[in-house]
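J.: prediction below, plus the sequence it came from.
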Amino acid sequence: MNYVHTVGWSGVDDFPDAYAAHEVVSDGHGRARDYIFLEVNQAFEQMTGLRRSEIVGRKVSQVLPGIRLGSFDWIAVYGRLAQTGGCIHFEQYSEPLGRWYDVCAFSRGNGRFVTIFRDISRYKPSTSGMQEEGDPAIRVLDSMQEACFELDVHGRITLANTAGGNLVDADANQLRGKNFLDLCADPENVTPRLEHVLRTGASEYAVDVQLLCLDGSSVYAEFSITPVTDEQGGIRGSRWIGKDITQRKEYEAQLEYMSLRDRLTGLYNRAYFENEMERLGKSRDYPITILSVDLDGLKLVNDTMGHKQGDTLLMTCARILKSSFRSSDVLARIGGDEFAAILPRTEGRAGEGIARRIVEQVRAHNAKGDSPLPVSLSIGRSTVQGRSESLARAYKEADDLMYRDKLHKGGDARSEIINSLLKVMEEKQYIDRSDVEYLQNLCLATGREAGLNRKQLSSLALLAQVHDLGKVGVADSILRKEEPLTEEEWEVLRTHPEKGYRIARSSTDLAEIAELILKHHERWNGQGYPLGIAGREIPVECRVLAIANAYMAMINERPHQRAMSRAEALQELWRCAGTQFDPALVQAFARIISREAENEELGEAQ
């Protein structure tokens, strides 16, 4: 974009100040080497004594070979301005012209920039030269997107453009006379940078300032601060050119938070924990206690009920832990189910008290019954007295003690979770106690009829109770659906034997029947799932359960299926004998049902 058109060149030709549009000439490394004139106005011709034809299209080193603006590295500054965009102000004395000039330069970062030269030699030292009513330079500044403030040596605002007023939700004219530091949320951080400019005359760049708006909100701006000098070269104030970086600050804060925090729980992450352990290891905050905490049974919950339920359990655990620690403690999630805490200035006895507090908080949470699954934590701790002891070694010791605590509990924690899962199934009416009891009786009677031994009968009784445990990991929308399931929904439902298998493997009480749970939907002809095994490869307990389960499904009312009579259900079992069911076991089961019917008839006759 041509800046001549941006500022409206046809208008500035009438301005009393010298204007010029430039394009930076860079070396092969992107550094500004010179710049060429794209256009100038009549005032610029008068200032230099050159005609426009002698200026436009030529480099400044050709047009003004003797120009020198003090020690100011203006080519480097203009080059940076043309690359990044923004606005700069400074006052300098030109030796060839013998005059003081107020110089304003601004760019939109496309390699081009515009300069305004105002002769301020005749102005009083206290006058800015840029504040007159209807001033064309002010009109140009007001067209800028960047905020511009000019301050006197006491920090009072003597000039503000429209963008500056908008930045703090104020009218630019109303800002004059106010102390700029009163607009700063942290003036103590800004003052040293301003004092450096006023004391040394050196410019300050990339000064981040949080400004207070009139509506009570705040914004962040990045400023460059340059000195303003009088005719004798004395510093009489400063100019601040800046842009709103609130969105950038918010993004940086979000990135910083994400880099230090665990996304799910909001606790610190492992990287932060390790950095703090290194920092505190060099501190004077001894004694330091470290706790290692593990959430028991998370993998079991993830495998059976899904990661969403596992995440809920993790967040519950995080809330309990946060309520147990002090604000000065460093609590972090350092792995999937692993948490750790650093407790500065904490003796071993105090650390033991905090560990007890965690256990009490867990017990209180579980007693409320607000969550479907109980929380169980294994805890280890270690304390170091001084720098001679390693915090890394203390953490390892705490971690070893945590695993010892986990082993000491054995399967108790998992069994507690499994009992909770069974309770969930019952509460959601996936299972009915009376139906389970009848199914168990049918299985045991059939097993005895078929000559199963005592161990097989014991396994069969337990299998009848928990064979559908894996359904806790299947969505309610599938289990409760009254319409026929889609093929995709059937695929999900067929995963429940594997889910149940994983649950049982995690429990000392159910581990011995895990294989039976996995295979309880296999068929005699090999057309079952999930393994597709056939005949006597299928454990006998599973073959018995399959017959009793199918019989109960047929004699009970189901969506889109009327309840069958005993005779009809037996007829269907005989029809599927040799394909779905073991024929010999169907025969044994039929004898049980026949005796059951005879007993009922006898009871009615009596």
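T.: Noted; the coordinates are in hand.

J.: hey, let's count contacts and neighbours off CA atoms from now on
T.: Fine.

J.: wait, a strand at residue 158?
T.: Yes. Under DSSP: H, G, I helix; E, B strand; the rest coil, residue 158 sits within a strand.

J.: the strands in the stretch 251-400 of the chain, which residues?
T.: In the stretch 251-400 of the chain, the segments counted as strands under DSSP state E, counting those that start in this stretch are 288-295, 330-333, 338-343, 377-384.

J.: of the ones you listed, which is nearest residue 273?
T.: Across the strands of the stretch 251-400 of the chain, the minimum distance to residue 273, taken as C-alpha to C-alpha, is reached by strand 330-333, at 6.2 Å.

J.: what's stretch 210-217 in contact with?
T.: Residues outside stretch 210-217 that contact it (C-alpha atoms under 8 Å, 6 or more residues apart in numbering) are 167-170, 183-186, 218-221.

J.: so which two of those residues are the farthest from each other?
T.: Maximum pairwise distance among the contacts of stretch 210-217 (C-alpha to C-alpha): 19.5 Å, between 170 and 186.

J.: is there a quick PyMOL command that grabs whichever of the contacts of stretch 210-217 are buried?
T.: Buried subset of the contacts of stretch 210-217, written as a PyMOL selection, criterion 16 or more other C-alpha atoms under 10 Å:
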select buried, resi 167+168+169+170+183+184+185+218+219+220+221
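
J.: which of the contacts of stretch 210-217 sits closest to residue 288?
T.: Of all the contacts of stretch 210-217, residue 186 has the smallest distance to residue 288: 34.2 Å, by C-alpha to C-alpha.

J.: from residue 265, how far off is the closest one?
T.: Separation of residue 186 from residue 265 (C-alpha to C-alpha, to the nearest Å): 32 Å.

J.: now the strands for this structure?
T.: Counting by DSSP state E, one finds strands in the chain at the ranges 18-26, 32-40, 86-94, 99-107, 112-119, 147-152, 157-160, 204-212, 218-229, 235-244, 288-295, 330-333, 338-343, 377-384.

J.: ramachandran coordinates for the residue positioned nearest the centre of the chain?
T.: For the chain, the residue sitting closest to the mean C-alpha position, by C-alpha atoms, centre = their mean, is residue 263 at 4.0 Å. Recorded main-chain torsions at residue 263 are phi -60, psi -40, according to degrees, to the nearest 10.

J.: need the contact list for residue 582.
T.: Neighbours of residue 582 in contact, by C-alpha under 8 Å, 6+ apart: 524, 535, 543.

J.: returning to that earlier point: reformat the contacts of stretch 210-217 as TSV; add pLDDT and distance to residue 311.
T.: Output for the contacts of stretch 210-217, formatted as TSV (pLDDT from 0 to 100; distance: C-alpha to C-alpha, whole Å):
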residue	pLDDT	distance to residue 311
167	91	43
168	90	43
169	88	44
170	88	47
183	92	45
184	92	42
185	90	39
186	89	40
218	92	36
219	94	36
220	94	36
221	93	39
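
J.: how many other residues sit next to the nearest residue to residue 292 once chain neighbours are set aside?
T.: Nearest non-adjacent residue to residue 292, counting by C-alpha to C-alpha, 6 or more residues apart in numbering: residue 340, 4.5 Å away. By other C-alpha atoms under 10 Å, the residues close to residue 340 number 26.

J.: residue 340 against residue 277, yeah?
T.: No. Shown here, residue 340 and residue 277 do not form a contact pair, counting by C-alpha atoms under 8 Å, at 10.9 Å.

J.: before we move on, the earlier item: which among the strands of the chain is found nearest to residue 587?
T.: Of all those, it is strand 288-295 that lies closest to residue 587, at 49.2 Å by C-alpha to C-alpha.

J.: ok, and for that closest one, which residues are buried?
T.: Residues of strand 288-295 classed as buried: 288-295 (neighbour count, 16+ other C-alpha under 10 Å).

J.: for it, name the packing helices and strands.
T.: strand 338-343, helix 348-368, strand 377-384, helix 391-409 (3 or more C-alpha pairs under 8 Å, 6 or more residues apart in numbering; DSSP states H and E).

J.: how about residues contacting that strand?
T.: 314, 317, 337-348, 351, 375-385, 394-395, 398-399, 402.

J.: separation between residue 275 and residue 391?
T.: Distance check for residue 275 against residue 391: by C-alpha to C-alpha, it reads 12 Å.

J.: which one of these two has more residues nearby?
T.: Set residue 275 next to residue 391 and count neighbours by other C-alpha under 10 Å: residue 391 wins out with 24 against 11.

J.: what separates the more buried one from residue 338, distance-wise?
T.: Counting by C-alpha to C-alpha, the gap from residue 391 to residue 338 is 18 Å.

J.: returning to what we had before: for the helices and strands packed on strand 288-295, which has the smallest mean pLDDT value?
T.: Among those, helix 391-409 carries the lowest mean pLDDT, a mean of 89.

J.: before we move on, the earlier item: out of the helices and strands packed on strand 288-295, nearest to residue 241?
T.: strand 338-343 (45.0 Å).

J.: tabulate the helices and strands packed on strand 288-295 in a markdown table, adding columns for distance to residue 225.
T.: Formatted as a markdown table, those follow (distance: least, C-alpha to C-alpha, whole Å):
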| stretch | distance to residue 225 |
| --- | --- |
| strand 338-343 | 43 |
| helix 348-368 | 52 |
| strand 377-384 | 50 |
| helix 391-409 | 46 |
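
J.: still on that earlier bit, tell me who's in contact with the residue nearest to the centre of the chain.
T.: Contacts for residue 263 (C-alpha under 8 Å, 6+ apart) come out as none.

J.: distance check, it against residue 254.
T.: Distance from residue 263 to residue 254, counting by C-alpha to C-alpha: 11 Å.

J.: again, but for residue 548
T.: 59 Å.

J.: tell me the predicted confidence for residue 560.
T.: For residue 560, the model assigns a pLDDT of 63.

J.: same thing with residue 247?
T.: Residue 247 is assigned 86 on the pLDDT scale.

J.: so how far is residue 218 from it?
T.: For residue 247 relative to residue 218 (C-alpha to C-alpha), the value is 12 Å.

J.: report the separation between the closest residue to residue 51 other than its chain neighbours and residue 103.
T.: Nearest residue to residue 51, sequence neighbours excluded (C-alpha to C-alpha, 6+ apart): residue 45, at 5.6 Å. Distance from residue 45 to residue 103, counting by C-alpha to C-alpha: 16 Å.

J.: just residue 212 next, same as before
T.: Going from residue 212 to residue 103 by C-alpha to C-alpha gives 29 Å.

J.: now residue 448
T.: Applying C-alpha to C-alpha, the value for residue 448 to residue 103 is 105 Å.

J.: just for the chain, where's the confidence low?
T.: Within the chain, the set of residues satisfying pLDDT under 70 comprises 1-14, 28-30, 65-74, 89-98, 121-143, 231-232, 409-433, 508, 559-560, 601-606.

J.: longest helix of the protein?
T.: Of all the segments of type helix in the chain, defined by DSSP state H, the longest one is helix 583-605.
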